[in-house]
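> Kindly generate the corresponding structure for this input.
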Amino acid sequence: MTGHTVDELISRSGWAAPAYPLLVVGILFFIFIVMGSWLNNLFRRACPSLDFEQPTEDDEDLDTYWNSLSAKDRDWSIQEEEYFRGKTQGNQMVDDNGRVLELPIMLDSQLQALKDSVGKGNPNKSIQGCHTYDILANPSYFDDFQYVPVCTGDPSKKITRADIIKDDDMDEGNDNWVSDKVRVGLNLAFINLKEAKAFDISKKKLEFPVDEFLKDLGGLLQKRGFENLI
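Predicted structure coming up:
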């Protein structure tokens, strides 16, 4: 019907494209359909290390994210969260009326899970590198922003974070705020322009928004669904 004969397989015309390539592909396709299961089992026996369908003895027994944090990374996250929630001393994000700008990054449940993970997990299987998407946890970024982490200092030598922060004025009472404003400034991107303009991020102190803008920044972040930034 097609005019093709078997002798074309060994003739010069049979090697012309696309006839011969299509024939080869058709033969291989037929072999895989008929003998595919047998060939697959043969390949598994010949190369067991390349059998990706079966679990291997080297599969890692991974723990939860919280339990996989190193002691240093866990301490960094807890101190940052507690400080910017206004729960620790040294927080200078307070206006003249004593109102604290609370800036939570985690949900309450996440913070509790973080605290509950202390002493758990395998230290030999902790997360390597930067442990969170928080931009200020990345050394490349917090160095460029000249941000000093809350956990900086040495309590045993009575060296505080404020002692390490250096600014261009003689007021030693605003040293923490010099660094705190970096995190506040980064999170202003998540609120409305009108609300952001109501903040006064001077080198002396933080002026809170007035009237209807007296909501804390953390509440605004949670309202807009940005509370889980880790």
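
> from here on, contacts and neighbour counts on C-alpha atoms
OK.

> for the lengthiest helix in the chain, packing partners?
Longest helix in the chain, counting residues (DSSP state H): helix 19-46. In terms of contacts (3 or more CA pairs under 8 Å, 6 or more residues apart in numbering; DSSP states H and E), helix 19-46 is not packed against any helix or strand.

> what about L136, which SS state?
Secondary structure assignment for L136 (DSSP: H, G, I helix; E, B strand; the rest coil): helix.

> Isn't it up against D144?
No. Applying CA atoms under 8 Å as the test, L136 and D144 come out as separate, 9.8 Å apart.

> what mean pLDDT does the longest helix of the chain have?
Across helix 19-46, pLDDT averages out at 79.

> thinking again about what came up before, for L136 and D144, indicate the residue with more neighbours.
When L136 and D144 are compared for neighbours, L136 comes out ahead with 20 against 9, by other CA atoms under 10 Å.

> Name all residues that make contact with that one.
Listed by CA atoms under 8 Å, 6 or more residues apart in numbering, the contact set of L136 reads 142, 147, 183.

> one step back: would you mind identifying the next helix or strand past the longest helix of the chain?
Next along the chain after helix 19-46, taking DSSP states H and E as the criterion, comes helix 71-84.

> what's the model's confidence in that next one, averaged?
Helix 71-84 comes out at a mean pLDDT of 91.

> So which other helices or strands are in contact with it?
Other elements packing on helix 71-84 under the criterion 3+ CA pairs under 8 Å, 6+ apart are helix 108-116.

> which residues sit against the helix or strand just after the helix it packs on?
Next helix or strand after helix 108-116 toward the C-terminus (DSSP H and E): helix 139-144. Outside of helix 139-144, the residues within contact range by CA under 8 Å, 6+ apart are 135-136, 148.
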